[in-house]
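*Asks:* Quick one, fold the following:
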Amino acid sequence: MSENKDSGGVVARRLARLLDALDAIERVRALHSPRAESPWSGACGECTESWPCPTIRALDGPLSGGTA
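*Replies:* As a prediction, this is how the structure comes out:
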């Protein structure tokens, strides 16, 4: 029985970490968005790289070891 309770704790901790990671990704996406003055400016509002910037391309790309 104690094994099942521990498994539940592990699952809860992993879920919490996943939700924290998703929140962090959303914060990065909010920072790295097209310039506010014009969505057609062609540059990231945070790093001024060409849009989509390397940060957004990394978030949108395939997972490492995966396929597109």
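*Asks:* Could you tell me the model confidence score at the residue most central in space within the chain?
*Replies:* Nearest to the geometric centre of the chain sits Ile25, at 2.6 Å (CA atoms, centre = their mean). With respect to pLDDT, Ile25 scores 97.
*Asks:* Report the separation between the residue nearest to it when sequence neighbours are not counted and Arg13.
*Replies:* Nearest residue to Ile25, sequence neighbours excluded (CB to CB, 6 or more residues apart in numbering): Leu59, at 6.4 Å. Glycine gets a C-beta too; all of them are placed from N, C-alpha and C. Separation of Leu59 from Arg13 (CB to CB, to the nearest Å): 24 Å.
*Asks:* re the thing from before, was I right to think the residue nearest to the centre of the chain contacts Asp60?
*Replies:* No - using CB atoms under 8 Å, Ile25 makes no contact with Asp60, being 10.7 Å away.
*Asks:* Have a look at the protein and report its longest helix.
*Replies:* The longest helix of the chain (DSSP state H) is helix 2-31.
*Asks:* Check which helices and strands that helix is in contact with.
*Replies:* Using 3 or more CB pairs under 8 Å, 6 or more residues apart in numbering; DSSP states H and E as the contact definition, the elements that helix 2-31 packs against are helix 54-60.
*Asks:* I'd like the mean pLDDT over the helix it packs on, please.
*Replies:* 95.
*Asks:* so how far is it from its chain's centroid?
*Replies:* Averaging C-alpha positions (CA atoms, centre = their mean, to the nearest Å) puts helix 54-60 9 Å from its chain's average.
*Asks:* Trp51: what's it in contact with?
*Replies:* Shown in contact with Trp51 (CB atoms under 8 Å, 6 or more residues apart in numbering): 34, 41-44.
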